[in-house]
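# I'd like to go over a predicted model; first the sequence, then the structure.
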2 protein chains.
Amino acid sequence: MDIAPVRDYFTGLQDRIVGELEGIEGAPFLRDAWDRPRGGQQDKLPPVPSPTTGVAKPVGSGGAEQCSANSPLHPRDEGDTGSLRSGLNAATASGRPSGGGISRLIEDGKVFERGGVNFSHVMGEQMPASATAHRPELAGRRWQAMGVSLVMHPRNPYCPTSHMNVRFFVAEKEGEDAVWWFGGGMDLTPYYGFEQDARHFHQACKDALAPFGPEVHPRYKQWCDDYFFLKHRNEARGIGGIFFDDLNQQGFERCFALMQSVGNHFTAAYLPIIERRCEIPYGERERDFQAYRRGRYVEFNLVWDRGTLFGLQSGGRTESILMSLPPIVKWRYDWRPEPGSDEARLYTDFLPRREWV
Amino acid sequence: MDIAPVRDYFTGLQDRIVGELEGIEGAPFLRDAWDRPRGGQQDKLPPVPSPTTGVAKPVGSGGAEQCSANSPLHPRDEGDTGSLRSGLNAATASGRPSGGGISRLIEDGKVFERGGVNFSHVMGEQMPASATAHRPELAGRRWQAMGVSLVMHPRNPYCPTSHMNVRFFVAEKEGEDAVWWFGGGMDLTPYYGFEQDARHFHQACKDALAPFGPEVHPRYKQWCDDYFFLKHRNEARGIGGIFFDDLNQQGFERCFALMQSVGNHFTAAYLPIIERRCEIPYGERERDFQAYRRGRYVEFNLVWDRGTLFGLQSGGRTESILMSLPPIVKWRYDWRPEPGSDEARLYTDFLPRREWV
């Protein structure tokens, strides 16, 4: 299977998104390429600021970053982190995948306090048995997974955090058809909600999927609401967006096009919100609430997110995976917002599942 | 089986430890009792400051907090968080356990920036099948788990974070012998290491176990080093201490006594260190390093700690479980200490496994 077009799409998307983010930030992102040869130790190049027009160079094959939010090797049974974790141990036991990636990141920026746009491409000689329990046709196949994963934590508490991910997986075997699928999505996590922003973001998500049939958006919106949910808080991570996985129906071209449309709509979905909110004055109260709510982001990513868990437990590149964590986070015992306050409105008006468009 | 003496020990230990901590803090801890009746919703009383001499009142039976660090229902295969997570889903499926607990906590204190001493006592009508896969003799038994769990995050970066836990589990069935075991331990997580402190803490751990035979301490020290390890960083959480589980050999009285000795030695192990270091002047640099290192604490507790995971995924009381998380935490990309600096000494001289006594 010729995966070059998919890889080219991913590296190009990373460049375009980083270019637009740098435009808003007014400063370059760092560029950190890494490479892990087969069976070898990770060989990382030191991070250097890139020119804003810099083109990410594909790195040599060989690494093990995970393209969060979802693992290419994840078990098919949604929500069963139990079997996931079993799989992880088996994956580790059967050796680290090789591969490489490019992390583009910013810290302590004027607009973005911390964030990264990661590209990674990892591969293995043989699917771990644990990952193929539900898909026996994958057993023993060589595999590749690649994708772009992004999380941005703005400084201004009136700007929402955003996450986007697009990914591709393929498992091959001589003389047989390749098994492949796409996944991806984007979602928004506000601290102080704005109905205008929520509608705008969800409309862009809907626009991205419109060419693929009217039934697609409602399904992927629901999937997103279901996935980004903190069961131990009985609370959504944010206001959702879209999420999909295992996409391989109606042909490769359509699936590839759908995933591209999701990736291509991200900046239109997110950046107008940043531009609209990033100059709103704020004080200690808002920063405090932002830091407190960021704790929920950490809890979701470390306790529930399958991509993060898979990455960390299978020997992925920790620093790339944990680029998703916020810069400053606070925990406080049993804190609740004052009823009727702006902070309370997040809980009452934004986090509960809603149809925004 | 008469578990009243064990319960009395736990509630008494919680009171004694909180009393000593309050003495150092110079202020009372909050007291938050909670209760979850069988099949019911959690019914929480509002937190109120307690007199420093206050005696914790046992709450009515009935809740589901977890006595971290370890689950009473954990699988026996060390380190397999995979099968743990499977177990959790099964545990949840078979209904939340009932029970109650008392959280004693402090936030924003002069000495302790955040910390809690939790007692909990939870029970279920029937062991979930997943928890009994390796112990078929437990299948279908009614069970109880109780314990005291403590994490203290001091404000001064020269003071180490500490964790202590003692716990008891019993599964019973009419006409058959009860199956029971004890577990526990304590460990230290410094930001800036002091050899004197490390030796003192480990000596107290050794003293706690000395009456039970010379072979016990080395084994429990090793167990602690193995358990509190961040595999995704290839780094110890701290300088260790002691850890044990599944303790049921040589009779109930000896096992109960051993666990008591561990609980009883905690304040002598930890508080002299706090007293010695809590007045050392520090600045932004030290606070920053402390916040960065606290991120490792969060990563361990949310990604690897079986007690935390079990609690969160089985419907435990989230706010009690997450009392273990630090008040302010920072993440920074691929940060490394300057070679030879005080910060670097933590990595070179303290985190690598050592024999301290």
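Sure, I can see it.

# tell me the contacts of residue A:279?
residue A:156 (CB atoms under 8 Å, 6 or more residues apart in numbering or on different chains). No exception for glycine: its C-beta is placed from N, CA and C like everyone else's.

# Kindly give the local confidence score, pLDDT, for it.
What the model reports as pLDDT for residue A:279 is 97.

# and it, which of the three is it?
Using DSSP: H, G, I helix; E, B strand; the rest coil, the structure places residue A:279 in coil.

# Can you tell me how far it is from residue A:28?
Applying CB to CB, to the nearest Å, the value for residue A:279 to residue A:28 is 22 Å.

# Could you do residue A:18 as well?
In terms of CB to CB, residue A:18 sits 9 Å off from residue A:28.

# neighbour count winner among these two?
residue A:18 (26 against 19; other CB atoms under 10 Å in any protein chain shown).

# Okay, helices next: where are they in chain A?
A:4-25, A:81-93, A:195-209, A:216-227, A:252-264, A:266-277, A:284-299, A:306-313, A:318-321, A:342-345 (DSSP state H).

# Now do stretch A:345-357, average pLDDT.
In the prediction, stretch A:345-357 has an average pLDDT of 98.

# Go through that stretch and flag the buried ones.
Buried residues in stretch A:345-357, defined by neighbour count with 16 or more other CB atoms under 10 Å in any protein chain shown: A:346-347, A:350-351, A:356.

# do stretch A:205-224 as well
A:205-206, A:208-209, A:212, A:216-217, A:220-221, A:223-224.

# can you name the two of the residues you listed that are farthest apart?
Greatest spacing in the buried residues of stretch A:205-224, by CB to CB: A:212 and A:224 (15.8 Å).

# where does the stretch 251-357 of chain A come near chain B, residue by residue?
Proximity of the stretch 251-357 of chain A to chain B (CB under 8 Å from any CB of the partner chain) is limited to residues A:291, A:295, A:298-299, A:302-303, A:309, A:312-313, A:315-316, A:318-319, A:321-323, A:325-334.

# buried subset of the residues you listed?
A:291, A:295, A:298-299, A:302-303, A:309, A:312-313, A:315-316, A:318-319, A:321-323, A:325-334.

# and of the buried residues of stretch A:205-224, the nearest to residue B:186?
Relative to residue B:186, and with distances defined as CB to CB, the nearest of the buried residues of stretch A:205-224 is residue A:224, at 42.5 Å.

# who's in contact with the closest one?
A:185, A:187, A:240-243.

# count of neighbours near the closest residue in space to it that isn't next to it in sequence?
Of all residues not flanking residue A:224 in the chain, residue A:243 sits nearest, at 3.7 Å (CB to CB, 6 or more residues apart in numbering or on different chains). Using other CB under 10 Å, residue A:243 is surrounded by 26 other residues.

# what are the bridge partners for residue A:172, then?
residue A:142 (DSSP bridges).

# Just the pLDDT for it.
Value for residue A:172, per-residue pLDDT: 94.

# is it true that it touches residue A:141?
Yes: in this structure, residue A:172 is within contact of residue A:141 by CB atoms under 8 Å, at 5.9 Å.

# Mutual contacts of the two, please.
residue A:179.

# Among these two, which residue is more densely surrounded?
Neighbour count, other CB under 10 Å: between residue A:172 and residue A:141, residue A:141 has more, with 20 against 15.

# If you drop the residues flanking it in sequence, what lies closest to that one?
residue A:171 (4.0 Å).

# okay, now that neighbour: neighbour count?
Residue A:171: 27 neighbours (other CB under 10 Å).

# rewinding a little: farthest-apart pair in the buried residues of stretch A:345-357, please.
A:347 and A:356 (16.7 Å).

# all strands of the stretch 1-150 of chain A, in order?
Taking DSSP state E, counting those that start in this stretch to define them, one finds strands in the stretch 1-150 of chain A at A:30-36, A:43-44, A:48-49, A:98-107, A:112-124, A:142-154.

# Save those as CSV, and put in mean neighbour count and mean pLDDT too.
As requested, those are arranged in CSV below (neighbours: other CB atoms under 10 Å in any protein chain shown; pLDDT from 0 to 100):
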stretch, mean neighbour count, mean pLDDT
strand A:30-36, 22, 93
strand A:43-44, 16, 46
strand A:48-49, 11, 38
strand A:98-107, 25, 95
strand A:112-124, 26, 95
strand A:142-154, 25, 96
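
# Tabulate those (JSON lines), appending distance to residue B:266.
Shown next, in JSON lines, are these (distance: least, CB to CB, whole Å):
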{"stretch": "strand A:30-36", "distance to residue B:266": "42"}
{"stretch": "strand A:43-44", "distance to residue B:266": "41"}
{"stretch": "strand A:48-49", "distance to residue B:266": "48"}
{"stretch": "strand A:98-107", "distance to residue B:266": "38"}
{"stretch": "strand A:112-124", "distance to residue B:266": "37"}
{"stretch": "strand A:142-154", "distance to residue B:266": "38"}
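
# residue contacts, residue A:330?
Residue A:330 neighbours (CB under 8 Å, 6+ apart): A:288, A:291-292, A:294-295, B:327-329.

# Where does the stretch 151-300 of chain A get nearest to chain B, which residue?
In the stretch 151-300 of chain A, the residue that lies nearest chain B is residue A:232 (4.1 Å; CB to the nearest CB).
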